[in-house]
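> here are the coordinates; sequence isn't available:
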Ligand code: SF4
């Protein structure tokens, strides 16, 4: 059986990845982007009282739309609703065709590419490179809980504003 036939149900393996070069650019600039995000996160936390007054439920849809636009451009984000980018060198693990969120499978090729998509650099090899640039390699070893699909599509930015982050 071909590896790509082994994972048809998720639909991820067959999806084209047109922005891959920008995703790789983001990992190459992980240190600077992480610094920008830390500043943005402080703004989000500062906005919590305002967001609470408006109502997080009311904000969810418009904020998630903006978040999707920004993060899909930079990271090929799939809006899993439990963002772990800060612990994975800004390499989104949801681009792994096997959906692995705790490290690579045993099939990484000698050139650091994916077993399923031979032309795609393994997201976990990229994650390590990004984490080195961020000085956050230690976070790579953190255990991440299985993904909760009920949170798919929810804004991670609003979770950060509430102080409720996945990573
Ligand atoms: S971990 Fe989830 S929220 Fe974060 S970039 Fe990847 S799909 Fe998007």
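Received, thanks. All of these numbers come straight from a predicted model, not from anything done at the bench.

> tell me which residues of the longest helix along the chain come out buried.
The longest helix of the chain (DSSP state H) is helix 56-75. Buried residues in helix 56-75, counted by 16 or more other Cβ atoms under 10 Å: 59, 63-64, 67, 71-72, 74-75. Where C-beta positions appear, they are placed from N, C-alpha and C, glycine not excepted.

> got the angle between the worst-scoring helix or strand of the chain on mean pLDDT and helix 56-75?
Within the chain, no helix or strand scores below helix 20-28, which has a mean of 90 by mean pLDDT, DSSP states H and E. On the basis of axes from the mean of the first three to the mean of the last three Cα atoms, to 10 degrees, helix 20-28 is oriented at 100 degrees to helix 56-75.

> helix 20-28 near the ligand anywhere?
No: judged by Cβ under 6 Å from any ligand atom, helix 20-28 stays clear of the ligand, getting no closer than 9.7 Å.

> so what does that helix touch, helix or strand wise?
If you count contacts as 3 or more Cβ pairs under 8 Å, 6 or more residues apart in numbering; DSSP states H and E, helix 20-28 packs onto helix 56-75, helix 123-134.

> quick one: the ones you listed as JSON lines, columns for mean pLDDT and distance to residue 82 too.
Below are the helices and strands packed on helix 20-28 laid out as JSON lines (pLDDT from 0 to 100; distance: least, Cβ to Cβ, whole Å):
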{"stretch": "helix 56-75", "mean pLDDT": "97", "distance to residue 82": "13"}
{"stretch": "helix 123-134", "mean pLDDT": "97", "distance to residue 82": "16"}
